[in-house]
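A.B. asks: when you get a sec, could you give me coordinates for this:
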Amino acid sequence: MDWKLYIRDVVIIIGLSFLGGFIGGMALGAKGVMDPEVIMGTIAILNIITVSIGFWIVGCLYKKEVKERFNYLGYVGIAVWLFGLVNIALGVSTLVQWFASVIFVIICLGIGGGLSLLTCKTKTQEIIN
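C.D. replies: Coordinates of the predicted model:
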């Protein structure tokens, strides 16, 4: 595995997650929304969308066969999940929330990885065409 590409791909997903949360938080703040449930719900939905898009992009950049692509996305997903420990250090989430977030990462990986298979060719398909 090429570590530079691996780190790039993890940064893509974490960066999109941060960007989605930041833009969502700023938009809600500009609208004067103060209800914590609305804020957390909106940011959660934005995170599902942006992290799924991140896995979609990473899956398209990694043009291997299905098994290899999902194996690689699994490693990227583990790193993304482990990066969530930063939220515990910052006091944003609890250990229980972090453990539960693995479900969120798996769902986003499935959505984004699946979309990458539907929309991006593998190297074998490129050679054939």
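A.B. asks: which secondary structure element of this protein has the lowest mean pLDDT?
C.D. replies: Across the helices and strands of the chain, mean confidence by mean pLDDT, DSSP states H and E is lowest for helix 123-128: a mean of 62.
A.B. asks: name the nearest residue to C120, ignoring sequence neighbours.
C.D. replies: Residue nearest to C120 in three dimensions, not counting chain neighbours: C60, with 3.8 Å by C-beta to C-beta, 6 or more residues apart in numbering. In short, each C-beta sits where N, CA and C put it, glycine included.
A.B. asks: is it true that that neighbour touches K121?
C.D. replies: No. Counting by C-beta atoms under 8 Å, C60 sits too far from K121 to count as a contact (9.0 Å).
A.B. asks: could you list the low-confidence segments of this protein?
C.D. replies: 123-129 (pLDDT under 70).
A.B. asks: make it 90
C.D. replies: Along the chain, segments meeting pLDDT under 90 span 1-2, 25, 29, 31-36, 39-40, 43, 63-67, 92-93, 121-129.
A.B. asks: is it true that W81 touches I103?
C.D. replies: No. At 10.0 Å, W81 and I103 do not qualify as touching, with contact defined as C-beta under 8 Å.
A.B. asks: and the two? which has more neighbours close in?
C.D. replies: Between W81 and I103, W81 has the larger neighbour count (other C-beta atoms under 10 Å), namely 18 against 10.
A.B. asks: and the next element down the chain from the strand or helix carrying the more buried one?
C.D. replies: Counting by DSSP states H and E, the element that carries W81 is helix 66-83. Next in sequence after helix 66-83, counting helices and strands by DSSP H and E, comes helix 85-89.
A.B. asks: how far is that next one from where the chain is centred?
C.D. replies: 17 Å (C-alpha atoms, centre = their mean, to the nearest Å).
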